[in-house]
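> here you go, sequence then predicted model.
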Amino acid sequence: MSDHGDPIPMTSHRAAPLNGVAEVPGDKSISHRALILGALSVGESRISGLLEGQDVLDTASAMRAFGADVQQHGPGEWSVHGVGVGGFAEPAQVIDCGNSGTGVRLIMGAMATSPIAATFTGDASLRSRPMGRITDPISLFGARAYGRSGGRLPMTILGAADPVPVRYTVPIPSAQVKSAVLLAGLNAPGETIVIEREATRDHTERMLAGFGAELRVEDSEEGRVITLTGQPELRPQNVAVPRDPSSAAFPVCAALIVQGSEITVPGVSQNPTRNGIYTTLVEMGADISFENPREEGGEPVADLRVRFSQLRGVEVPPGRAASMIDEYPVLSVVAAFAEGRTVMRGVKELRVKESDRIDAMARGLEANGVTVEEEEDTFIVHGLGQGGVPGGALCATHLDHRIAMSFLVLGMAAQKPVRIDDAGPVATSFPVFEPLMTDLGAKLERTGA
C-alpha cells in the first residue's frame, strides 16, 4: 500500500501492435535540479517542460518551505523566484519528500551550509533508505544530522553556521551524493572539490554552470575531478527540461517486445551519462533510430523511432551501470523475451533504491515463468525468446514506480495477463503512464481492491 492512498491493483494484458507517438514527461533529474537551483538564484527563473510527478511536486513544496516563491503557470510551465545562495529560511514545518530519494538528498545538501535546521521525512519506502551516504559528507562542511537508527528518516539536519570547503571522493557511483556535496559547496567559502572514480550523470554540473557558478571538470589519475568555487551569485535562467530517458525506456522497451509495434518518442535526452539503456538495447539487436539530434536546455536530445525486434541476450559491462541504474528493471523484462542469457554486473546499487530492485524483479520474473540468477552485485535473466514468457502471476511492487511499470510492460507481451498489487507509485515519476500506453495500444485494466 502506498502512503499516498489506497493501492491501485492493475492488470496488463497481451497487446496488439503498439503504434503512435509517445510524449513522455520531462526529465525527473533535471526537474528537481531546476527547482533547487532556481531557489538558490537571485531573481526569477522560468522552467518549461517540468515533470509534474509527485516526486518533483514534493521538491517544489520544499523550496517554498525554504522561502522561494514557486508558482505554476500552466501544464509544465513554472517560475521560481529564488532567495540566493545562503538565503534559505528555516522551514516552519517538516519537509515531506514522499518517495523521492533524489529530492531529499539534494535538498539536504542544498541547506547543509546554511545556519538553519530542517526535519525531513517521506513515505515508507523513503524512510527505509540509507541517508548516511549524504550525512557523512555534509558533516565535513560542519552540518549535523540526527535521525533514526541506521541513518534513516525522519531526520533533522542542523546546517553549518561557519561552513568550510571540502575535498571529497565519492565512495560509490552516485549522482545524488556528488550533487549533494556540490550543492552544499555553494555556500562554503573557497573551493569544494568532488572526485568521482566513475562518472555519473552530470546534470548538476551542466546546470550549475548554466546558472553562473564557477566550476571546472578535469580528468585525472584519481578520476573525474569537479572543482566548485563557493559563494557565487547564481543568475536566474530559463530552463527547458528535455524528456526523461528513464521514462522513455518503458514505451521503448514495450515496443521492442510487442510484435508488430512501431512508435516514435520525441525529444528524449541523449545525455551520455544517461543513455546506457539505449546502448545496451542496440547491442541486443533493437531497431532504434535516433533522429533529428539537437540541443535543448543545455542537453543533447533526439527523436527515437522504435520497431519490434528479435533480441538476443548480452553481457552488460559493470562500467555502464551508472549510466542506466534506473533502467535495469525494465531491461530485465526485455531480457526475458530475448534469446539466451542477459548478464547484468555491477548492479548492487539497485538493492538500495525505492526497493531492493534485484530481489523484486527476480521474484516477479520467477513467478511469471522466467529463470533468473542473482548475487549481491549481479543479476542474470535466462531469456525465453519472443512470446516465450508464460506470465499469469501477481507481482509485488514494493512502493516502487519502476518495478510497477516494468511488470506492466511484461504483461504486454506475455502469454497470460500480468497483475501488479499497486500502480499508485507510478505517479511519482510518470503520472501519464497509463493513458500514454493505452493510447499506443496497451491493454491496462484497473482491477479493484
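The structure has been received and is ready for your questions. Numbering: from 1, shown residues only.

> can you give me the helices in the stretch 201-350 of the chain?
Remark: helices assigned in the stretch 201-350 of the chain by DSSP state H, counting those that start in this stretch are 203-210, 245-257, 276-283, 328-336.

> flag every buried residue along the helix or strand of the chain at the bottom of the mean pLDDT ranking.
Ranked by mean pLDDT, DSSP states H and E, the weakest helix or strand in the chain is helix 124-127, scoring a mean of 92. For helix 124-127, a neighbour-count test (16 or more other Cβ atoms under 10 Å) marks 125, 126, 127 as buried. Every residue, glycine included, has its C-beta placed from N, CA and C.

> residue 308: which of those residues is nearest?
For the buried residues of helix 124-127, the residue nearest residue 308 by Cβ to Cβ is residue 125; the value is 33.9 Å.

> for that closest one, which non-adjacent residue is spatially closest?
Leaving aside its chain neighbours, residue 125 sits nearest to residue 399 (4.0 Å; criterion: Cβ to Cβ, 6 or more residues apart in numbering).

> pop the domain breakdown of this structure in here.
Following automatic domain parsing, one finds the domains of the chain at 10-26+242-446, 28-162+177-185.

> and the longest one, how far apart are its ends?
Taking Cα to Cα, to the nearest Å, domain 10-26+242-446 runs 4 Å from one end to the other.

> same check on stretch 118-129?
First-to-last residue span, stretch 118-129, Cα to Cα: 18 Å.

> in CSV, list the C-alpha atoms belonging to stretch 51-62.
What follows is stretch 51-62, C-alpha atoms only, in CSV (Å, rounded to 0.1, in the frame of the first residue of the first chain):
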residue,chain,number,x,y,z
LEU,A,51,7.8,16.9,-14.8
GLU,A,52,4.7,17.2,-12.6
GLY,A,53,5.0,13.8,-11.0
GLN,A,54,4.7,13.6,-7.2
ASP,A,55,8.4,13.5,-6.6
VAL,A,56,9.0,16.8,-8.3
LEU,A,57,5.9,18.4,-6.8
ASP,A,58,7.3,17.5,-3.3
THR,A,59,10.6,19.2,-4.2
ALA,A,60,8.6,22.3,-5.3
SER,A,61,6.8,22.3,-2.0
ALA,A,62,10.1,22.0,-0.1
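
> tell me the average confidence for that stretch?
The average pLDDT for stretch 51-62 rounds to 96.

> repeat that for stretch 231-247.
When pLDDT is averaged along stretch 231-247, the result is 95.

> show me which positions of that stretch end up buried.
232, 234, 236-237, 239-247.

> okay if I get those residues as a markdown table plus distance to residue 445?
Formatted as a markdown table, those follow (distance: Cβ to Cβ, whole Å):
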| residue | distance to residue 445 |
| --- | --- |
| 232 | 52 |
| 234 | 47 |
| 236 | 45 |
| 237 | 43 |
| 239 | 37 |
| 240 | 36 |
| 241 | 32 |
| 242 | 32 |
| 243 | 27 |
| 244 | 25 |
| 245 | 28 |
| 246 | 25 |
| 247 | 22 |
